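Colleague: Just to be clear, the model below is a prediction. Sequence and coordinates:
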Amino acid sequence: MSEQQEQVTKPTILVTNADIPVCCPPKDQAHWNLHPRVYLDIESDGSADCPYCGNHFELQQE
């Protein structure tokens, strides 16, 4: 029996320098049912992925 897996893509969350430090879950989301907050190093290469949920963050140049 073969299983078919559906690939789910997460939306890209755009952030600016004013949003640094970047954390996931984002500060504007309710936190009661989400994973622990982690801070992401977005400054080194301009993007980062959350190790818990896979949210993708990209730094917009202003």
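Modeller: Perfect, thanks for sending it.
Colleague: the strands in the chain, which residues?
Modeller: Here the chain has its strands, by DSSP state E, at 12-15, 22-24, 38-40, 47-49, 56-59.
Colleague: and the third one, how far from the chain's centre?
Modeller: On the basis of C-alpha atoms, centre = their mean, to the nearest Å, strand 38-40 sits 9 Å off its chain's mean C-alpha point.
Colleague: most tightly surrounded among the strands of the chain?
Modeller: Most buried of these, by mean neighbour count (mean count of other C-beta atoms under 10 Å): strand 22-24, with a mean of 20. The C-beta positions use only the backbone N, C-alpha and C, and glycine is treated the same way.
Colleague: quick one: strands adjacent to it?
Modeller: Here strand 22-24 has these sheet partners by DSSP bridges: strand 38-40 (antiparallel).
Colleague: can you list contacts of the strand it pairs with?
Modeller: Pro21, Val22, Cys23, Cys24, Ala48, Asp49, Cys50, Pro51, Tyr52, Phe57 (C-beta atoms under 8 Å, 6 or more residues apart in numbering).
Colleague: 10 Å instead?
Modeller: 15, 20-25, 47-53, 55, 57 (C-beta atoms under 10 Å, 6 or more residues apart in numbering).
Colleague: Check Pro21 and give its pLDDT.
Modeller: On the pLDDT scale, Pro21 is placed at 95.
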